[in-house]
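Engineer: Sharing a sequence plus its predicted fold:
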Amino acid sequence: MSEHPDLWLIIVALGLGSFGLRFMFTGLLGSWSMPAIILRHLRYAAVAVLPGLVAPLVLWPSATDGQIDPARLTAAVVTLGVAMIFKRVLLAIVTGAGTLFLMLYLIA
């Protein structure tokens, strides 16, 4: 622990900041009712964040030095297609992962 005191300081600061943000909404504003428009938009927050996290990994993967990888692109398209057709998150994730592993096996 004494080798990297700055690292522990950053971890503790991020933990306190994360707790503070959550407490502000659940502890201080938890008893208030939010307007319907805000609740409607909050339902789509996770749906908006996930593509933002995945898209750079598909379009500019660091594993291929930023070059588009056919295996990752195929897996992303299959995952999106399965999610749109069946509307099952777990099924989409499993088929996307299976497609990625199959494509990496076939290409290598």
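Structural biologist: The structure has been received and is ready for your questions. Numbering: from 1, shown residues only.

Engineer: State the distance from the most centrally placed residue in the chain to T64.
Structural biologist: Nearest residue to the geometric centre of the chain (CA atoms, centre = their mean): L50, 3.9 Å. Per CB to CB, to the nearest Å, L50 is found 22 Å from T64. Using the backbone N, CA and C atoms, a C-beta is placed for each residue, glycine as well.

Engineer: before we move on, what about D6?
Structural biologist: Distance of D6 to T64, given as CB to CB: 33 Å.

Engineer: So between those two, which is more surrounded?
Structural biologist: Neighbour count, other CB atoms under 10 Å: between D6 and T64, T64 has more, with 12 against 7.

Engineer: Contact partners for S18?
Structural biologist: Under the criterion of CB atoms under 8 Å, 6 or more residues apart in numbering, S18 has no neighbours.

Engineer: Look at it and tell me its secondary structure.
Structural biologist: Here S18 is recorded as helix under DSSP: H, G, I helix; E, B strand; the rest coil.

Engineer: still on that earlier bit, for the residue nearest to the centre of the chain, helix, strand, or coil?
Structural biologist: Once three-state DSSP is applied, L50 turns out helix.
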